[in-house]
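Colleague: structure, please.
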Amino acid sequence: MLIFVAPKVQNKMETSKKTPTNIVRAYQRYLKLQRGYSANTLDAYMRDLQKLTDYLSHEDKHLLDVQLEDLQHFAAGLHDIGIHPRSQCRILSGVRSFFRFLQLDSYRDDDPSELLESPVLGEHLPEVLTTAEVDALEDSIDLSKWEGHRNRAIIEVLFSCGLRVSELVNLKLSNLYVTEQYVRVLGKGSKERLVPISPKAIRELEWWFDDRCHMDIKHGEEDYVFLNRRGAHLTRTMILIMIKRQAIEAGITKTISPHTLRHSFATALLEGGADLRVIQTLLGHENIGTTEIYTHIDMTTLRQEILEHHPRNMRRSGLGVDGPTLDSTDKVDDEQDVSHQ
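Modeller: The predicted model follows:
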């Protein structure tokens, strides 16, 4: 049966579809259903997009009328109100994603964000922990407390498997393959991957399970690996607070978070000779470029080792291994002599 829609009604429907609220809702559905983003990632995109829509509302500018100049003014405003350059880059990346969607879904014929530039960032190398520091972190935990074995298991699983904290809090008993020593992880974009789990991490989990089996677990929470004292699964914030508290207890002065253990996992693998593509797979990185930051960390470590241990760089009371070294005055005079030759 054919349904006739009057032109006026059709125009009204088209106009309604293009209201800012409906456009944002369509983008949200796109991120959730087509891109498969998790609830946390989706919330982050929406919060960043809200900054743009608030700005455009203040400027009395419709989303479909935005030009590059408007986005440049918006970007300048982020800088003016003191938002960190790294956060500016994240927000502007979300803006580009939004306008690519508008073009893809035929809301617009062009993409005004195509030439939008982000702040230039200096190279930022994340903090990493040595194996000895991870051991110290675990040893600082009071095992007489009910959560002691749980917290040791959390730290060991993060370090041994390189999980994101969001992956850890959602880890299920049904995803553990203890006999095979594998964990099935549901990562970003609802993508699954298998990650080996170390015998030490399994031992820590078994200690925790001995305590866990005596808990009164809430309905619907039975399959979660890590629980709070009320029998519900943990949140990311709970784990962040625990990690920071244990760092203080262990005397670790580095600024760390649960993600530091993920960085430490990857760096330890690279220093041990693992292939970068293998590390990419284990971490669940979509792009190899994201994994390549660990090569910078490794090169920094190698450079430090050379400075400390290579005979050409050693200083022992003014004497290197091959003989006397130049002081600063000698070096200047030597360079001047060479320049005149």
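Colleague: that's a strand at residue 194, yeah?
Modeller: Yes. Per DSSP: H, G, I helix; E, B strand; the rest coil, residue 194 lies within a strand segment.
Colleague: pretty sure it is touching residue 181, no?
Modeller: No. Using CB atoms under 8 Å, residue 194 makes no contact with residue 181, being 10.5 Å away. For the C-beta atoms, the positions are set from N, CA and C on the backbone; glycine is no exception.
Colleague: anything in contact with each of these two?
Modeller: Taking CB atoms under 8 Å, 6 or more residues apart in numbering as the contact rule, residue 194 and residue 181 have no neighbour in common.
Colleague: how far does the strand or helix carrying residue 134 sit from its chain's centre?
Modeller: Assigned by DSSP states H and E, residue 134 belongs to helix 131-139. Helix 131-139 sits 22 Å away from the centroid of its parent chain (CA atoms, centre = their mean, to the nearest Å).
Colleague: list every C-alpha atom in stretch 199-213, with coordinates, as PDB.
Modeller: The C-alpha coordinates for stretch 199-213 follow below in PDB (Å, rounded to 0.1, in the frame of the first residue of the first chain):
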ATOM      1  CA  PRO A 199      51.200 -18.500  36.200                       C
ATOM      2  CA  LYS A 200      51.900 -15.800  38.900                       C
ATOM      3  CA  ALA A 201      48.700 -14.000  37.900                       C
ATOM      4  CA  ILE A 202      46.800 -17.200  38.100                       C
ATOM      5  CA  ARG A 203      48.100 -17.900  41.600                       C
ATOM      6  CA  GLU A 204      47.100 -14.500  42.700                       C
ATOM      7  CA  LEU A 205      43.600 -15.000  41.300                       C
ATOM      8  CA  GLU A 206      43.300 -18.400  43.000                       C
ATOM      9  CA  TRP A 207      44.100 -16.700  46.400                       C
ATOM     10  CA  TRP A 208      41.400 -14.100  45.700                       C
ATOM     11  CA  PHE A 209      38.900 -16.800  44.600                       C
ATOM     12  CA  ASP A 210      39.400 -18.500  48.000                       C
ATOM     13  CA  ASP A 211      38.100 -15.200  49.700                       C
ATOM     14  CA  ARG A 212      35.600 -14.500  47.000                       C
ATOM     15  CA  CYS A 213      33.700 -17.700  47.400                       C
END
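Colleague: grab the nearest non-local neighbour of residue 93.
Modeller: Leaving aside its chain neighbours, residue 93 sits nearest to residue 118 (7.3 Å; criterion: CB to CB, 6 or more residues apart in numbering).
Colleague: next one: phi and psi at that neighbour?
Modeller: Here is the backbone geometry of residue 118 (degrees, to the nearest 10): phi -100, psi 160.
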